[in-house]
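J.: Sequence first, then the predicted structure:
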Amino acid sequence: MNAIRISGGLLKGKKIDFEYKDSLRPTSNKLKEILFNWIQFEITKDYVCLDLFAGTGSMGIEAISRGAKKVSFVELNKKHYRNIKSNLTKLDLQHSSKLYFKDSFSWIHKNDLSNFDLIIIDPPFEKGFEEKILKQILKKDELKKSCKIYIEYSKFVDLELPKSVNVIKQKKLGDVKALLIEI
């Protein structure tokens, strides 16, 4: 069993356990720190996040640790889903989280996005999911004006962003690019 440490907030230093699989590429602690440094002054007691393609759940769990009120995790892989569920229970985060065993695309299609302050998009690399899910989110036209979207993707991909999107921050770390955008 592998583990990722929570890098900040109330749960700083606690471990998120996961089983290494080729289908799982956890966000590095460095990138997590970068994202949460970017948004640290925005997280309030009413902050609500959506963690799509949740994988280990580390991004959403980090958000809760740093003060987010609620995080919705969406994960389709059954082993990853069970692992997130186990970690949420172990860390006693059931009250501040909702976990869905669902495909991110169909979840977005069927759910209201208007209460989210941060949407995390970190899909499997090299499948073109980043652009597809972003377009689907933007088509819904129901995001809060203050909603931020974090996208993590391979540096070998040329991500085409719609003209309506404003890049707030960006970072390249190793083979990974990270963007924080707003509409």
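T.: Yep, it's here.
J.: List the buried residues of the longest helix belonging to the chain.
T.: Looking across the chain with DSSP state H, the single longest helix is helix 78-90. Buried residues in helix 78-90, counted by 16 or more other Cβ atoms under 10 Å: 80-81, 83-85, 87-88. Glycine gets a C-beta too; all of them are placed from N, C-alpha and C.
J.: tell me what it is packed against?
T.: strand 15-18, strand 70-75, strand 97-101 (3 or more Cβ pairs under 8 Å, 6 or more residues apart in numbering; DSSP states H and E).
J.: Can you classify the residue nearest to the spatial centre of the chain as helix, strand or coil?
T.: Centroid-nearest residue in the chain: residue 120, 3.0 Å away (criterion: Cα atoms, centre = their mean). Following DSSP: H, G, I helix; E, B strand; the rest coil, we place residue 120 in the strand state.
J.: And for residue 33?
T.: helix.
J.: next one: residue 37
T.: Secondary structure assignment for residue 37 (three-state DSSP): helix.
J.: Distance of it relative to residue 49?
T.: Here residue 37 is placed at a distance of 16 Å from residue 49 (Cβ to Cβ, to the nearest Å).
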